[in-house]
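>>> Show me how the following folds:
(one chain, ligands or ions: 1)
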Amino acid sequence: MPRNELQESSVLREIASLHARSLRDNGLSRCGTGFITCYYEAAAAHPSTILLTEMTDDDKLAGFILCSTDCRHLFSRVMRTTGFRAVRYPRGIVFALARALVSWLRGSPPVRYDVEVVFVAVEQNRLRSGVGRALLAKALEELRQRGKRGVFLRVAENNVAAIGFYESAGFEPVINWRGKRIMRREIKA
Ligand SMILES: CC(C)(COP(=O)(O)OP(=O)(O)OC[C@H]1O[C@@H](n2cnc3c(N)ncnc32)[C@H](O)[C@@H]1OP(=O)(O)O)[C@@H](O)C(=O)NCCC(=O)NCCS
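Numbering: from 1, shown residues only. Take a look at the predicted model:
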């Protein structure tokens, strides 16, 4: 679905709901779906992000992927854009600020990079049917067209499914850091 249609559409609420259900270890998941919808609205509007969806035949969300070409600044940029709308979700703001504080205290990973697969998630009833693979292939193609030659990601070391998924897509481990595995793959020109 093209970026501008995504911005207008209720699909963003479905993305937020899937995020909260599938990415339970992620701090954003505790911010409530209203706040997460604001986050994705702002992310979808930002030129440094790629937000793609796969839909079912009856037009329900099957999965989504969010990539960034400026991931070190993504959260602060999104928070600035979200701004006033986020005020409606005080719980979200409190959790988001707490998350930002914890990240700051933990420091940056020892590997510096800008291009990242930030989140990818597939509906439970569509797992292992190629949805994740299709989303990742489209995102990598979009990154290639933007002139990017490599992409990183961070995944929890105990997320066996996601690690299997990324390995099958050619990602290789770079380093393990604070319970997360940082992985990378090349994007051929
Ligand atoms: C990771 C995730 C996106 C994979 O999506 P998916 O649509 O089920 O994956 P696909 O069907 O495209 O699988 C492609 C390949 O990845 C690998 N793979 C997928 N799930 C796997 C699992 N549970 N265990 C091991 N390998 C797996 C396989 O090699 C698979 O190919 P195959 O089915 O032909 O063997 C999905 O499991 C998910 O949404 N997990 C919860 C959210 C999450 O943890 N996201 C990642 C962190 S941001």
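
>>> From now on I want contacts and neighbour counts done on CA atoms only, so please keep to that.
OK.

>>> was I right about residue 118 contacting residue 68?
Yes: under the criterion of C-alpha atoms under 8 Å, residue 118 makes contact with residue 68 at 6.7 Å.

>>> Tell me which of those two has more neighbours.
Each of residue 118 and residue 68 has its neighbours counted (other C-alpha atoms under 10 Å); residue 68 has more, 25 against 19.

>>> where's that one relative to residue 128, distance?
In this view, residue 68 and residue 128 are 25 Å apart by C-alpha to C-alpha, to the nearest Å.

>>> and if you look at residue 146?
29 Å.

>>> now swap in residue 185 and tell me
From residue 185 to residue 128 the distance is 22 Å (C-alpha to C-alpha).

>>> Neighbour count for those two, which is higher?
Higher neighbour count among residue 185 and residue 128: residue 185, with 19 against 12, using other C-alpha under 10 Å.

>>> Surely the more buried one is within a strand?
Yes: judged by DSSP: H, G, I helix; E, B strand; the rest coil, residue 185 forms part of a strand.

>>> and it, what are its bridge partners?
residue 151 (DSSP bridges).

>>> tell me the contacts of it?
Counting by C-alpha atoms under 8 Å, 6 or more residues apart in numbering, residue 185 touches 150-152, 170-172.

>>> Could you rank these by neighbour count and give me the top one?
residue 152 (24 neighbours).

>>> Please look at it and residue 175 and confirm they touch.
No: using C-alpha under 8 Å, residue 152 is not in contact with residue 175; the gap is 11.2 Å.

>>> Can you work out which residues contact both of those two?
182-183.

>>> which residue packs closest to the residue positioned nearest the centre of the chain, ignoring adjacent ones?
Nearest to the geometric centre of the chain sits residue 119, at 2.3 Å (C-alpha atoms, centre = their mean). With sequence-adjacent residues excluded and distances taken as C-alpha to C-alpha, 6 or more residues apart in numbering, residue 119 is closest to residue 66, at 5.2 Å.

>>> Helices along the protein, start to end?
Assigned by DSSP state H, the chain shows helices spanning 3-8, 11-22, 33-45, 71-86, 90-106, 131-145, 160-168.

>>> out of these, deepest packed?
Sort these by mean neighbour count, taking mean count of other C-alpha atoms under 10 Å, and helix 33-45 sits at the top with a mean of 22.

>>> Taking helix 71-86 as reference, get the angle to that one.
130 degrees (axes from the mean of the first three to the mean of the last three C-alpha atoms, to 10 degrees).

>>> Mean confidence (pLDDT) on helix 33-45, please.
Averaged across helix 33-45, pLDDT comes to 90.

>>> what packs against it?
For helix 33-45, the elements it packs on are helix 3-8, helix 11-22, strand 49-55, helix 71-86, helix 90-106, judged by 3 or more C-alpha pairs under 8 Å, 6 or more residues apart in numbering; DSSP states H and E.
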